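>>> missing the sequence, but the structure's below:
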Ligand SMILES: *Cc1c(COP(=O)(O)O)cnc(C)c1O
């Protein structure tokens, strides 16, 4: 079962590419016969040849409705592989206020490589249009919904504008997961995920993935060559674990989205809360776009502004019993993070808490937040 098909994501994921537990071969090299021909022509050396990795990529491509997908040892390795294809002197339009690791790496990389980085709020249609028209970027990079602001960028519009300017659109769809959104169907050229998050879902694998419908495009060829030659490959055991985690991906994402919606609605007008950022809420500024480009829910990620200052927000996190205080998102367990402590100089409000909603009972999570807010 490879390539595009009409199966439901629940079937693709549960089947996992083989219907049962796949073999895990940790070998780094593969034997040749007496005639010196490879015993398995697909496998020479493990830097780019692993059956379990290919099986995992095939399932990811099917879920994303893509022609092909490439796994990387982390989400950042996937992002870096995209931008390393750019020549010196190139232009990038990248969304501002996104995952801090991406912004920090892009700023450093672009400075060293003489690439012009234009950071703009792509969730604002006017800024999206004027920045792309002005800079004619080789790559426009958006993250929707964004982390931790939960802003939504219109993927169709971003793709149209970028293509008209001669560039390619890359979408970090980590918070949406391949279950809730298929950016390639909306015009994106490459979709990226930190598979460390909901795709694996059990907070025990680092992985990243890129997928495309244009495997012959020069950028995709350059990315594939870079992965092979520079060696940013996933370990076979990580791919095996990822495949195992993905078998329940549709179930987990449905549950997380449903609980997140319940929790966001409960706290939207709460005396101890100033704001809830969640694209599923009807009054969220990006709700109409999110409803158009996501289906089956709005994901498990949200941010809240606790009434008061940093001390009030930190006091509430300290009282939480069910939410674990840790970074990351998309796992079966709910997490809370005080982003301002992690990145104090990037404009994150001191009273913002980012919540990753897991698969626990929503009522229990609401009760925990209620007691913590006091
Ligand atoms: C975590 C994350 C990344 C980076 O992925 P790693 O697997 O941690 O390298 C990129 N983008 C978003 C939106 C993320 O949440």
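Sure thing, it's come through. Everything numeric here is computed off the predicted structure, so don't read it as measured data. Numbers count the residues shown, from 1 in each chain.
>>> For the protein, which segments are assigned as strands?
68-72, 91-95, 116-120, 139-143, 168-172, 190-194, 208-212, 273-277, 301-306, 324-325, 335-337, 352-356 (DSSP state E).
>>> Describe which strands the longest one pairs with in its sheet and in which direction.
Strand 301-306 has these partner strands in its sheet, going by DSSP bridges: strand 273-277 (antiparallel), strand 352-356 (antiparallel).
>>> Quick check: which of these is buried the most?
strand 352-356 (a mean of 25; mean count of other C-beta atoms under 10 Å). Using the backbone N, CA and C atoms, a C-beta is placed for each residue, glycine as well.
>>> For the ligand, see how far away the spatially closest residue to residue 257 that is not a sequence neighbour is.
Nearest non-adjacent residue to residue 257, counting by C-beta to C-beta, 6 or more residues apart in numbering: residue 297, 2.6 Å away. Per C-beta to the nearest ligand atom, to the nearest Å, residue 297 is found 17 Å from the ligand.
>>> And for the residue lying closest to residue 317 once chain neighbours are set aside, the neighbour number?
Nearest-residue entry for residue 317: residue 336, 5.3 Å, with adjacent residues in sequence omitted and distances by C-beta to C-beta, 6+ apart. Other residues lying near residue 336 total 22 when counted by other C-beta atoms under 10 Å.
>>> for the one 10 residues further on, same thing?
Residues near residue 346, counting by other C-beta under 10 Å, number 13.
>>> do residue 108 as well
Counted with other C-beta under 10 Å, residue 108 comes out at 11.
>>> Check what pLDDT whichever residue of the stretch 101-250 of the chain sits closest to the ligand gets.
Minimum separation of the stretch 101-250 of the chain from the ligand (C-beta to the nearest ligand atom) falls at residue 194, amounting to 3.0 Å. Listed pLDDT for residue 194 reads 98.
>>> picking that back up, who are the contact partners of the residue nearest to residue 317?
Each residue near residue 336 by C-beta atoms under 8 Å, 6 or more residues apart in numbering is listed here: 317, 320, 323, 324, 325, 326, 353, 354, 355, 356.
>>> Would you check that residue 347 makes contact with residue 97?
Yes. Using C-beta atoms under 8 Å, residue 347 is in contact with residue 97, at 7.4 Å.
>>> near the ligand, which residues of this protein show up?
74-76, 99, 101-102, 143, 147, 172, 174-175, 194, 196-197, 206, 208 (C-beta under 6 Å from any ligand atom).
>>> Output the below-cut-off pLDDT ranges for the chain.
1-4 (pLDDT under 70).
>>> Which stretches in it count as helices?
9-15, 51-64, 75-83, 100-113, 125-135, 155-164, 177-180, 218-230, 236-246, 249-267, 287-293, 310-319, 339-342, 362-373 (DSSP state H).
>>> Between helix 249-267 and the second one, find me the angle.
In other words, helix 51-64. 50 degrees (axes from the mean of the first three to the mean of the last three C-alpha atoms, to 10 degrees).
>>> In the stretch 51-200 of the chain, which residue sits nearest the ligand?
Closest point on the stretch 51-200 of the chain to the ligand, by C-beta to the nearest ligand atom, is residue 75, at 2.2 Å.
>>> could you list every residue that touches that residue?
Taking C-beta under 8 Å, 6+ apart, one finds 174, 192, 193, 194, 195, 196, 197, 206, 207, 208 in contact with residue 75.
>>> Please point out which parts of stretch 267-274 sit buried.
For stretch 267-274, burial by neighbour count (16 or more other C-beta atoms under 10 Å) applies to 267, 268, 272, 273.
>>> For stretch 20-35, measure first residue to last.
35 Å (C-alpha to C-alpha, to the nearest Å).
>>> Give the buried residues for that stretch.
22, 30.
>>> So in terms of bridging, what pairs with the residue nearest to residue 317?
Beta-bridge partners, per DSSP bridges, of residue 336: residue 325, residue 355.
>>> Please determine how far the residue nearest to residue 16 when sequence neighbours are not counted is located from residue 193.
Leaving aside its sequence neighbours, residue 16 sits nearest to residue 247 (C-beta to C-beta, 6+ apart; 4.9 Å). Counting by C-beta to C-beta, to the nearest Å, the gap from residue 247 to residue 193 is 17 Å.
>>> doesn't residue 81 make contact with residue 226?
Yes. Residue 226 is within contact range of residue 81, at 5.5 Å (criterion: C-beta under 8 Å).
>>> So for those two, which sits in the more crowded spot?
Neighbours per residue (other C-beta under 10 Å) separate residue 226 from residue 81, with residue 81 holding more: 22 against 17.
>>> gap between the more buried one and residue 347?
28 Å.
>>> quick one on the thing from earlier: farthest pair within the buried residues of stretch 267-274?
268 and 272 (12.3 Å; C-beta to C-beta).
>>> For residue 188, find the nearest of the helices of the chain.
Once those are compared by C-beta to C-beta, helix 155-164 is nearest, at 5.8 Å.
>>> Now do the closest one: which elements does it pack against?
Contact here means 3 or more C-beta pairs under 8 Å, 6 or more residues apart in numbering; DSSP states H and E; on that basis helix 155-164 packs against helix 125-135, strand 139-143, strand 168-172.
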